[in-house]
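*Asks:* Here's a sequence, model it:
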Amino acid sequence: MPRRPSFLRLTLGVKLALVLLGVVTGALAVVYLMVVPRLDSRIADSRIKSLQQAAPPFLDRFRDASEYQLPERVTVAAASLDARVVVFQHLDGETIVSAADSRQVSGSDIVADPVAREAASTGTRQTGRVERDGVEYAEVATPLGEDRVVLFSAPLDDARSDVQLVKRSLVVAGLVALLAAAFAAYVAAYGLTRRIRRLETAARRIAAGDFAVPIDTGGEDEVAELAREFDTMRERLADLDRVRSEFIANASHELRTPLFSLSGFLELIADEEMDEETRQEFLRETRAQVQRLTRLATDLLGLSRLDAGQLVVERGDVDLALAARNLLDEFRLVADTSGHPLSLTAPVAVPATGDHERIVQIGRALVENALRHTPPGTPVELSAVSHGDTASFLVRDAGPGIPPEEQGRVFQRFYRAGGGKASGSGLGLAIAAELAAKMGGSLTVASQPSETTFTLTLPAGAATAFPRGNGAPARELATPPR
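*Replies:* A predicted model of the protein is given here:
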């Protein structure tokens with residue numbers, strides 16, 4: 001799928017910056033909407049309240065004043081209250097006219113004042129906010145008897161200037177906060193995206209097959225943890241790549257050698273002048289090379305079936321002593337031919353839980369390994385024992401042993417001891433270990449000079465599944481020591 005051009009893609013840094021800016025902008029908008037309208041409303045309410053508290057002393061003077069006294073008293077009240085004072089004459093239910101105005105000149109705007117008209121029609125004191133000629137006023141209108149209404153109207157411009165100052169301060173503070181947020185988002189996003197780009201570069205390098213450079217983004221956060229996991233993956237991929245290369249080389253050698261030998265033997269066998277004894281020797285060698293190829297093909301097939309999850313492993317009651325005896329019978333001739341004394345030590349029955357065929361397959365790999373990698377004359381002993389909740393099958397040889405640094409790797413796929421010089425594909429023990437794990441057990445090795453023991457441990461089976469003797473071990477010697 002083609003990638004978008006860089007100018008059409010929103011980078012992680014841009015996304016983080018946009019998110020942070022959106023959060024800060026939203027917070028500032030909420031503060032603005034909560035503070036400014038409430039402040040404006042409280043200033044107006046405060047001005048109305050102050051008019052209500054200051055007006056009563058003047059109302060009595062307006063109530064008793066004659067038509068000629070009203071202008072003077074209105075002017076005095078306006079100066080004391082710092083507000084416009086208007087006395088309206090109530091002519092009928094719908095009409096009011098200005099009888100006295102502290103501004104001396106009364107306009108139609110004040111006659112139509114809604115607060116004064118409401119007080120005149122209801123006969124009760126009314127308050128409110130009114131806008132005239134672009135100026136907002138806080139007003140209190142109080143009826144005086146049945147024919148007069150007094151209106152106190154104070155402009156809110158001076159008070160509203162404080163609100164405007166708060167608005168400007170919030171805007172300035174918001175812009176500063178946005179700039180600070182943008183800078184902080186840029187710094188945080190740059191640091192994060194720079195480390196992520198390192199991971200991206202490392203991923204491309206690994207995809208290209210370069211596993212040599214370690215991955216380190218620094219820090220102790222989630223990105224650093226991801227980088228450490230990524231580096232662990234790099235190391236495993238490097239090991240797999242190395243093992244794959246070694247396996248290809250080993251498998252090529254393992255295939256080339258028997259095939260070349262088979263080709264040569266077949267050409268020699270076709271020679272009519274060859275004596276029968278030599279021909280039979282070549283036939284034996286040919287059979288050995290075919291067996292070698294068969295083992296390699298079998299190992300590869302078993303490995304592929306394990307990886308694909310197609311290898312069926314049963315879990316039932318099995319007898320490890322019986323499996324050991326089967327292996328003894330199977331390898332009796334091979335051990336005798338190679339000069340390895342092969343013996344068995346086991347009670348009548350050792351119940352375990354597992355798959356008999358897979359146990360024999362594991363034991364076959366262990367016995368072949370002991371016979372192949374020890375010099376002629378080395379004793380090899382098979383044994384089976386019970387340990388309470390577990391049961392074990394052991395293959396012990398008196399060979400030279402496995403170096404300590406290689407004991408932890410003998411169960412790795414494709415690994416061959418001695419720098420790859422040993423015969424075999426390096427798959428037998430790996431497959432055996434995986435089969436043991438699938439049966440709920442384990443396969444371990446303990447080695448020192450003159451003694452190497454491979455132990456297959458499985459969960460113990462039902463004690464009544466097989467007949468048991470008196471517990472004394474039975475020893476059977478397949479081939480006598482030489």
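*Asks:* Sort out which residues of stretch 37-51 are buried, please.
*Replies:* Buried residues in stretch 37-51, defined by neighbour count with 16 or more other CB atoms under 10 Å: 39-40, 43-44, 47-48, 50-51. Glycine gets a C-beta too; all of them are placed from N, C-alpha and C.
*Asks:* And those, which is closest to Gln407?
*Replies:* Nearest to Gln407, judged by CB to CB, of those is Leu39 at 80.0 Å.
*Asks:* part of a strand, is the closest one?
*Replies:* No: according to DSSP: H, G, I helix; E, B strand; the rest coil, Leu39 belongs to no strand; its state is helix.
*Asks:* quick one, helices of the stretch 251-400 of the chain?
*Replies:* For the stretch 251-400 of the chain, the helices defined by DSSP state H, counting those that start in this stretch cover 276-308, 320-338, 356-372.
*Asks:* Among the buried residues of stretch 37-51, which are located in helices?
*Replies:* With DSSP state H as the criterion, helices contain 39-40, 43-44, 47-48, 50-51 from among those.
*Asks:* Quick one: these as JSON lines, columns for distance to Phe211 and pLDDT too.
*Replies:* As requested, these are arranged in JSON lines below (distance: CB to CB, whole Å; pLDDT from 0 to 100):
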{"residue": "Leu39", "distance to Phe211": "65", "pLDDT": "70"}
{"residue": "Asp40", "distance to Phe211": "68", "pLDDT": "72"}
{"residue": "Ile43", "distance to Phe211": "72", "pLDDT": "76"}
{"residue": "Ala44", "distance to Phe211": "74", "pLDDT": "78"}
{"residue": "Arg47", "distance to Phe211": "78", "pLDDT": "81"}
{"residue": "Ile48", "distance to Phe211": "80", "pLDDT": "83"}
{"residue": "Ser50", "distance to Phe211": "82", "pLDDT": "86"}
{"residue": "Leu51", "distance to Phe211": "84", "pLDDT": "84"}
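*Asks:* quick one: which of these is nearest Asp317?
*Replies:* For those, the nearest to Asp317 is Leu39 (85.4 Å; CB to CB).
*Asks:* does that closest one really touch Leu165, like I thought?
*Replies:* No: using CB atoms under 8 Å, Leu39 is not in contact with Leu165; the gap is 10.3 Å.
*Asks:* circling back to that earlier point, which one of the helices of the stretch 251-400 of the chain lies nearest to Ser245?
*Replies:* Using CB to CB, the helices of the stretch 251-400 of the chain put helix 276-308 closest to Ser245, at 16.5 Å.
*Asks:* Okay, buried residues for whichever strand or helix holds Leu443 please.
*Replies:* Leu443 is located in strand 442-448, with elements delineated by DSSP states H and E. For strand 442-448, the neighbour count (16+ other CB under 10 Å) marks 443, 445, 447 as buried.
*Asks:* likewise stretch 177-185?
*Replies:* Neighbour-count burial for stretch 177-185 flags 181, 185 (criterion: 16+ other CB under 10 Å).
*Asks:* chain center to the lengthiest helix in the chain, what's the gap?
*Replies:* Longest helix of the chain, by residue count under DSSP H: helix 157-207. Here the centre of helix 157-207 is set off from its chain's centre by 27 Å, with CA atoms, centre = their mean, to the nearest Å.
*Asks:* counting contacts, what elements does that helix pack onto?
*Replies:* Counting contacts by 3 or more CB pairs under 8 Å, 6 or more residues apart in numbering; DSSP states H and E, helix 157-207 packs against helix 12-54, strand 135-144, helix 222-269.
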